[in-house]
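In: Sequence plus predicted model, see below.
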Amino acid sequence: MSRRGWRNLDESDVRVRPGKGTRPRSKLRPSHDDAEAAMVLTVDRGRWTCALGGDPEREVTAMRAREMGRTPVVVGDWVDLVGDTSGKTDTLARIVRVTERKSVLRRTADDTDPFERIVVANADQLVIVTALADPEPRTGFIDRCLVAAYAGHLEPLLCLTKADLADPKELLAAYADLDLPVVVTRHDEDPAELRERITGRVSAFIGHSGVGKSTLVNKLVPDANRRTGAVSGVGKGRHVSTTALALPLPGGDGWVIDTPGVRSFGLAHITPDDLVLAFPEFAEAAEECQVNCGHRGDPEDPDCALDHVVAEGVAPSGRLESLRRLLRSRAGVEDTPSDQDGTGRRQGPS
Ligand SMILES: Nc1nc2c(ncn2[C@@H]2O[C@H](COP(=O)(O)OP(=O)(O)OP(=O)(O)O)[C@@H](O)[C@H]2O)c(=O)[nH]1
Ligand SMILES: [Zn+2]
């Protein structure tokens, strides 16, 4: 990743202001040695629901400590909590720190919010849920998910649903050169392979409305519906917030993070070099390119050194073509309005 890239991963570098008034002058900030680590499960109107020690049975509601200012705290973040961490009704702990993130999934700015934001932190993988039919698969959406995953340091996993309606062969051909793990599911079969791939890991699930994401999540997390209601505090109604929601897998063996509100990804901050780094066989050659090479080859970047890698037989041409298709999807237009409609006007969970 480029110089800019890694720095961007962490939006939480709080500027420490000297304490005013009654705060101790000897320290800029209290050290909170007694703080307890917790994972953020969901966020709703200034309240963060956290799992103490990552234990889904020990839920605590917290607010952001004043000293944190407006430091972003997102689902999947590991935070330090102080104050009342009993988790009893009407108690509130305070978040005093956010641990450095190992991965980030960003969404773009939208009409109501002009800033690009991180929606999920620390997910190990991004499960891109796409139906093989009804609705028709869109490679443009998959490609943009892949770019977001590679650049944000999540491993992508393509999950093709509704295999009872169409054959995955054609779609798989488009991704054959990416070394992309794929699972194929259908509602009348147990998603055993998917379950195996998400066990022990934190997996963010993304997909257009109607692709069968909730059907899957309900199979993987048997009490997903109950948790959805409980966490958002709307009783048996659906989770109304636009934030992601972390659901524990049975036995505490991993997490599914459902991302209901993500319409499109923030790719604007990603440089071509960020993406090339996710393709190790091309990373070295990219350093021989001109500083602002977009690595797209002819005609845009005719002197791109990535072509040498293929010419020398180090990597197959299909691999470079796949990388270049992703580079174009990064550089290309944002999702069109009709595409956005398909991705999720719905604000509920899945
Ligand atoms: N034929 C077929 N239909 C499926 C399959 N999985 C889900 N469906 C149907 O597809 C529709 C959408 O499924 P959901 O699980 O609600 O999809 P979702 O992606 O969560 O969509 P939203 O709830 O709109 O976000 C439902 O009518 C399901 O019954 C499948 O494997 N095969
Ligand atoms: Zn190049």
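Out: Thanks, I have it. Ligands and ions are numbered 1, 2, ... in the order given.
In: pull the CA atoms of stretch 244-263 into PDB?
Out: Extracted C-alpha coordinates of stretch 244-263, given in PDB (Å, rounded to 0.1, in the frame of the first residue of the first chain):
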ATOM      1  CA  ALA A 244     -23.600  -2.500  10.400                       C
ATOM      2  CA  LEU A 245     -24.300  -5.100  13.000                       C
ATOM      3  CA  ALA A 246     -22.000  -7.800  14.400                       C
ATOM      4  CA  LEU A 247     -23.700 -11.200  15.000                       C
ATOM      5  CA  PRO A 248     -21.900 -14.000  16.900                       C
ATOM      6  CA  LEU A 249     -21.600 -17.400  15.300                       C
ATOM      7  CA  PRO A 250     -22.700 -20.300  17.500                       C
ATOM      8  CA  GLY A 251     -20.200 -21.200  20.200                       C
ATOM      9  CA  GLY A 252     -18.600 -17.800  20.000                       C
ATOM     10  CA  ASP A 253     -16.500 -19.000  17.100                       C
ATOM     11  CA  GLY A 254     -16.400 -15.900  14.900                       C
ATOM     12  CA  TRP A 255     -18.600 -13.100  13.800                       C
ATOM     13  CA  VAL A 256     -20.900 -12.200  10.900                       C
ATOM     14  CA  ILE A 257     -21.000  -8.400  10.300                       C
ATOM     15  CA  ASP A 258     -24.100  -7.500   8.400                       C
ATOM     16  CA  THR A 259     -23.800  -4.300   6.400                       C
ATOM     17  CA  PRO A 260     -27.400  -3.100   5.600                       C
ATOM     18  CA  GLY A 261     -26.700   0.400   4.600                       C
ATOM     19  CA  VAL A 262     -23.700   0.200   2.300                       C
ATOM     20  CA  ARG A 263     -24.800   1.400  -1.200                       C
END
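In: Mind checking if that stretch is in reach of ligand 1?
Out: No. Stretch 244-263 lies apart from ligand 1 when judged by CB under 6 Å from any ligand atom; the minimum separation is 7.4 Å. Just so you know, the C-beta spots here come from the backbone N, C-alpha and C atoms, and that holds for glycine as well.
In: and that stretch, how far from the chain's centre?
Out: Put simply, stretch 244-263 sits 11 Å off its chain's centre (CA atoms, centre = their mean, to the nearest Å).
In: So which bits of that stretch are buried?
Out: Neighbour-count burial for stretch 244-263 flags 244-249, 254-263 (criterion: 16 or more other CB atoms under 10 Å).
In: from those, which is closest to ligand 1?
Out: Using CB to the nearest ligand atom, Pro260 comes nearest to ligand 1 of the buried residues of stretch 244-263, at 7.4 Å.
In: Check the gap between the closest residue to Val276 other than its chain neighbours and Cys304 for me.
Out: Computed as CB to CB, 6 or more residues apart in numbering, the closest residue to Val276 that is not its neighbour in sequence is Ala286, at 4.6 Å. From Ala286 over to Cys304 the distance is 8 Å, taken as CB to CB, to the nearest Å.
In: what's the answer for Pro114, then?
Out: Pro114 sits at a distance of 34 Å from Cys304 (criterion: CB to CB).
In: Those two: which has the busier surroundings?
Out: Cys304 (24 against 7; other CB atoms under 10 Å).
In: Dig out what the most centrally placed residue in the chain forms beta bridges with.
Out: Among the residues of the chain, the one closest to the centroid is Leu105, at 3.3 Å (CA atoms, centre = their mean). On the basis of DSSP bridges, Leu105 is bridged to Val120.
In: In contact with it, which residues?
Out: Residues in contact with Leu105 (CB atoms under 8 Å, 6 or more residues apart in numbering) are 118-121, 123, 126, 148-149, 152, 154, 204, 206, 259, 262, 265.
In: again, only this time at 7 Å
Out: Ile118, Val119, Val120, Ala123, Leu126, Ala148, Gly152, Leu154, Ala204 (CB atoms under 7 Å, 6 or more residues apart in numbering).
In: first to last residue in stretch 128-147, what's the distance?
Out: Its first and final residues considered, stretch 128-147 spans 12 Å by CA to CA, to the nearest Å.
In: swap that for stretch 191-205, sorry
Out: 14 Å.
In: before we move on, what about stretch 207-221?
Out: 17 Å.
In: next one: it to chain centre, how far?
Out: The answer for stretch 207-221 is 16 Å, by CA atoms, centre = their mean.
In: And that stretch, what's buried?
Out: 207-209, 211-217, 219-221.
In: Among those residues, which are located in strands?
Out: Gly207 (DSSP state E).
In: Which ones among the buried residues of stretch 207-221 also lie next to ligand 1?
Out: Gly207, Ser209, Val211, Gly212, Lys213, Ser214, Thr215.
In: per-residue confidence for the fifth one?
Out: The predicted local confidence for Lys213 comes out at a pLDDT of 93.
In: The closest residue to Ala65 other than its chain neighbours - how many residues pack around it?
Out: Nearest in space to Ala65, with sequence neighbours left out and distances taken as CB to CB, 6+ apart, is Arg94 at 4.2 Å. Neighbours of Arg94 under the rule other CB under 10 Å: 20.
In: Go through the buried residues of stretch 207-221 and flag which are in helices.
Out: Judged by DSSP state H, the subset of the buried residues of stretch 207-221 located in helices is Lys213, Ser214, Thr215, Leu216, Val217, Lys219, Leu220.
In: Report the secondary structure element holding the closest residue to the third one other than its chain neighbours.
Out: In this structure, Thr215 finds its nearest non-sequential neighbour in His187, 5.5 Å apart by CB to CB, 6+ apart. For His187, there is no helix or strand it lies in under DSSP states H and E.
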